[in-house]
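Asks: predicted model and sequence below, questions to follow.
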Amino acid sequence: MPDSSLSFVHEPAAQRVLFQPGGFSRMGEEADRLGLRRLLVLTTKGQARLGEAAADLLGERAVALYPGAVMHTPVEVTDDACALAADRKADGIVAIGGGSTVGLSKAIALRTDMQQIVLPTTYAGSEMTDLIGQTAHGEKKTERTRKVRQETVIYDVHLTMSLPASISALSGMNAIAHAMEAMYAPDGNPIVSLMAEEAVSVLNAALPAIIDAPASVEHRNRALYGAWLAGTCLGSVTMGLHHKLCHVLGGKFDLPHAEMHTVLLPYSLAFNAKAAGDAMERMGRAMGAHDPVSALRDLQARCGAPAGLHALGMPAEGIEDVVAQVAHADFPNPRAVEADPLRVMLWAAHAGNPPPDLL
Ligand code: NAD
């Protein structure tokens with residue numbers, strides 16, 4: 001029950017979301033709805049055949065296929081895709097893929113103002129945010145702007161079936177990280193908290209179920225629903241220490257996105273636990289456990305998480321650099337981030353030891 005000091009701002013993003021198995025076949029209809037006639041279709045190289053199938057389905061509406069999306073949205077790739085869009089006089093984008101493809105779509109929209117239809121194939125959640133990270137000269141910079149908001153998002157579970165169960169589980173842990181940090185965000189509100197709790201609860205059940213039965217459309221559809229909720233949380237409020245660390249670690253050491261989130265999350269929560277009592281209670285409720293940190297460690301193990309940051313290729317010598325960049329930096333977090341406990345936490349996460357008691 002909310003207390004009497006309740007006070008918040010909630011500004012839902014204006015986006016059309018179709019959550020529909022088989023929604024892939026509705027791309028053309030959605031393009032017509034937006035008045036788009038000349039579409040640029042985006043995928044990664046690995047999902048090029050899916051792009052071809054989309055172009056076939058869109059018929060004359062598809063004027064170009066660019067299967068060149070890569071991690072971290074390098075500006076050179078955006079230059080290339082924009083040149084193709086200009087050459088073919090594209091007036092809109094259809095992006096099919098995970099966070100990398102969704103990121104390329106946003107980067108093109110930022111430059112061209114083209115409208116976007118997005119079909120997510122992982123649980124990263126970027127399609128529900130106004131955030132864009134782009135890499136130029138080896139440095140990744142993130143900004144928040146409405147110009148990258150994606151007009152239409154089609155969630156079709158069938159597009160996620162090809163994601164190997166092990167990768168699905170880690171991608172789902174990435175989604176859980178969005179929802180958990182939303183629970184203690186300074187700009188949170190009751191609706192976001194409800195969505196976050198539902199997201200964690202749904203994903204906590206669906207991810208092990210996908211590991212056990214990878215071909216189950218039902219489990220994957222539930223996970224996709226959880227990912228949508230978690231992405232909405234990510235897009236609605238400001239993230240804390242966990243996302244800050246992942247941003248710095250990803251940029252410095254090029255660590256794989258979902259794996260890094262999975263490894264680090266219990267440590268971030270343990271770090272914040274005593275300063276975020278209400279949020280921890282909510283997380284525990286969502287996971288059906290008294291202690292959400294150990295419940296998360298169990299889930300991590302079920303999902304086949306890598307053993308520690310060292311297993312992802314992070315050099316131990318890099319820890320001091322990360323401490324220097326993150327301690328006392330300007331970002332919201334329930335607990336002040338001081339160098340000493342942060343260092344202890346990162347050494348434990350690097351080795352994969354149990355999260356230390358940091359207070
Ligand atoms: P990804 O998009 O890089 O995909 C990983 C790999 O899986 C790719 O090779 C891709 O082709 C393949 N793949 C994707 N879906 C598949 C499917 N259904 N079947 C088979 N293969 C499939 O990974 P990701 O984790 O979705 O996204 C990570 C990127 O997204 C990072 O760069 C991260 O910074 C960004 N991101 C941005 C936001 C935001 O709000 N701006 C949010 C989350 C993530």
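Replies: Yep, that arrived. In this text, all values refer to a predicted model and were calculated from it rather than measured experimentally.

Asks: what sits against the closest residue to F24 other than its chain neighbours?
Replies: Take F24 and drop its neighbours on the chain: the residue closest to it by Cβ to Cβ, 6 or more residues apart in numbering is D156, 4.7 Å away. Placement of C-beta: from N, CA and C, glycine included. Going by Cβ atoms under 8 Å, 6 or more residues apart in numbering, D156 touches 20-24, 119.

Asks: who wins for neighbours among those?
Replies: The most crowded member of the contacts of D156, judged by other Cβ atoms under 10 Å, is L119 (27 neighbours).

Asks: correct me, but that one touches I154?
Replies: Yes - the criterion here is Cβ atoms under 8 Å, and L119 meets it with I154 at 4.9 Å.

Asks: give me the common contacts of the two.
Replies: Applying Cβ under 8 Å, 6+ apart, one finds that L119 and I154 are jointly contacted by 23-24, 27.

Asks: rewinding a little: name the nearest of the contacts of D156 relative to the ligand.
Replies: Of all these, the ligand sits closest to L119, with 10.0 Å by Cβ to the nearest ligand atom.

Asks: hang on, that closest one in a strand?
Replies: Yes - counting by DSSP: H, G, I helix; E, B strand; the rest coil, L119 is part of a strand.

Asks: tell me the bridge partners for it.
Replies: Beta-bridge pairing of L119 under DSSP bridges involves I96.

Asks: just the element for the nearest residue to L18 once chain neighbours are set aside, please.
Replies: Nearest non-adjacent residue to L18, counting by Cβ to Cβ, 6+ apart: I154, 4.7 Å away. In this structure, I154 is located in strand 152-155 according to DSSP states H and E.

Asks: can you redo the contacts of D156 as a markdown table with secondary structure, distance to P190 and pLDDT?
Replies: Below are the contacts of D156 laid out as a markdown table (DSSP: H, G, I helix; E, B strand; the rest coil; distance: Cβ to Cβ, whole Å; pLDDT from 0 to 100):
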| residue | secondary structure | distance to P190 | pLDDT |
| --- | --- | --- | --- |
| Q20 | coil | 28 | 97 |
| P21 | coil | 30 | 98 |
| G22 | coil | 34 | 98 |
| G23 | helix | 30 | 98 |
| F24 | helix | 34 | 98 |
| L119 | strand | 31 | 98 |
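
Asks: overlap between those residues and the residues near the ligand?
Replies: When Cβ under 6 Å from any ligand atom is applied, no member of these is adjacent to the ligand.

Asks: now distance to A305 too, for those residues, in CSV please.
Replies: Shown next, in CSV, are the contacts of D156 (distance: Cβ to Cβ, whole Å):
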residue, distance to A305
Q20, 31
P21, 29
G22, 32
G23, 31
F24, 31
L119, 27
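
Asks: closest to K106 among those residues?
Replies: Ranked by distance to K106 (Cβ to Cβ), those are led by L119 at 14.4 Å.

Asks: so who does that closest one touch?
Replies: L119 sits next to 23-24, 27, 54, 94-97, 153-156, 159 when contact means Cβ under 8 Å, 6+ apart.

Asks: can you check V75 too?
Replies: Listed by Cβ under 8 Å, 6+ apart, the contact partners of V75 are 107, 134-136.
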